[in-house]
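A.B. asks: fold the following.
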Amino acid sequence: MVNGQFEVVRKLGEGGYGAVYEAKDVALERRIALKVMLPSRAASKEYVGKFFREARTAAQLVHPNVVAVHNVGLDRENNIYFLAMEYVEGRTLHDVLQERGPLPVEEAIDYMIQSCRGLAAAHERNIIHRDIKPGNLMIKPGGTIKIADFGLAKVYEGEGGAASTVIGTPYFMPPEQFEGKAKDGRTDIYALASRSTTCSRCRGRTRRGAGADPPLGHDEGAAVDPRAPSDLPRDSGRSCGG
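C.D. replies: Residues are numbered from 1 along each chain as shown. Next comes the predicted model:
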């Protein structure tokens, strides 16, 4: 039992600074996802700050395409930092691409549009995710996209509040992010677009497979047809930066 409220059911996965569990909120009788900071990280003020930053940042966002945050805190009895989030039944886009390969164009575009809507809600609050990638896009059984993991997010303040350390996933980062100059939401749009071309069958399969990460620079060695596919939804360019 964590914090006298969350009953752990099973482990779902583990990342760089936390493990995620399926758990039951016994007070509200609902299933949740519980992120617990790894003991090796809990001694670092930097990681504790990062942990709470994710909670505060994500808690500002109430949107159908963003994973909701319910609670955050320190279980003093067990000395555990925890983050209680909405439990998303489904799989990541990364896992779907690994299993199915390139998706039908209409399905891929639908996922991108939903992702753009979630990002637009974040950008309206001056929040940059900074780590948009297939592994952070959850797909529910009905096809709804949920953006997860705002652990690298930051709040920006126009052109002035720009500089930051170089963090993110290199395969999906724009050039300016490598220089610590990710200034606004265009960072997320670039990251989303860098994967959108390999989500659909208009690109075809590369030798590494559809779900594999491209090398730095995002050049996958495949020719790109600049013409829009004939079955591309007509409103596909209006939801994210366009």
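A.B. asks: helices of the protein, start to end?
C.D. replies: Listed in chain order, the helices found in the chain under DSSP state H are 39-42, 45-59, 93-100, 105-124, 175-178, 186-199.
A.B. asks: now the strands for the protein?
C.D. replies: Remark: strands assigned in the chain by DSSP state E are 6-14, 18-25, 30-37, 69-75, 80-86, 91-92, 127-128, 137-139, 145-147, 154-155.
A.B. asks: select, out of the helices of the chain, the one closest to Asn65.
C.D. replies: helix 105-124 (3.2 Å; CB to CB). Where you see a C-beta, it was placed from the backbone N, CA and C, and this is true even at glycine.
A.B. asks: tell me the angle of that closest one relative to helix 93-100?
C.D. replies: 170 degrees (axes from the mean of the first three to the mean of the last three CA atoms, to 10 degrees).
A.B. asks: I figured Lys140 hits Ala148, correct?
C.D. replies: No: if you go by CB atoms under 8 Å, Lys140 and Ala148 don't touch, sitting 11.7 Å apart.
A.B. asks: between those two, which one's more packed in?
C.D. replies: Ala148 (22 against 12; other CB atoms under 10 Å).
A.B. asks: distance of the nearest residue to that one once chain neighbours are set aside from Val105?
C.D. replies: Using CB to CB, 6 or more residues apart in numbering and skipping the chain neighbours, the partner closest in space to Ala148 is Val67 (4.6 Å). For Val67, the distance to Val105 equals 26 Å [CB to CB, to the nearest Å].
A.B. asks: tell me which residues in stretch 99-114 are buried?
C.D. replies: By neighbour count on 16 or more other CB atoms under 10 Å, the buried set for stretch 99-114 is 102-103, 105, 107-114.
A.B. asks: next one: stretch 66-85
C.D. replies: Applying 16+ other CB under 10 Å to stretch 66-85 flags 66-72, 74-75, 80-85 as buried.
A.B. asks: and the end-to-end length of that stretch?
C.D. replies: 11 Å (CA to CA, to the nearest Å).
A.B. asks: now do the same contact list for Thr92.
C.D. replies: Applying CB atoms under 8 Å, 6 or more residues apart in numbering to Thr92 gives the contacts 134-139.
A.B. asks: hmm, Cys116 is touching Leu192, no?
C.D. replies: Yes: the pair Cys116 / Leu192 is scored as a contact, 7.0 Å apart, by CB under 8 Å.
A.B. asks: was I right about Ile147 contacting Arg117?
C.D. replies: No: using CB under 8 Å as the test, Ile147 is too far from Arg117 to be in contact (9.6 Å).
A.B. asks: any shared contact partners between these two?
C.D. replies: With CB under 8 Å, 6+ apart as the test, Ile147 and Arg117 both reach Asn65.
A.B. asks: check contacts around the residue nearest to Asn79 when sequence neighbours are not counted.
C.D. replies: Using CB to CB, 6+ apart and skipping the chain neighbours, the partner closest in space to Asn79 is Ala42 (7.2 Å). Residues in contact with Ala42 (CB under 8 Å, 6+ apart) are 48, 79-81.
A.B. asks: pLDDT wise, what is Ala42 at?
C.D. replies: As predicted, Ala42 sits at a pLDDT of 86.
A.B. asks: again, but for Lys45
C.D. replies: Looking at Lys45, the pLDDT reads 87.
A.B. asks: what about the nearest residue to Met85 once chain neighbours are set aside, how many neighbours?
C.D. replies: Spatially, and ignoring its direct neighbours in sequence, Met85 is nearest to Ala33 (4.6 Å; CB to CB, 6+ apart). Here the count is done by other CB under 10 Å, and Ala33 has 20 residues near it.
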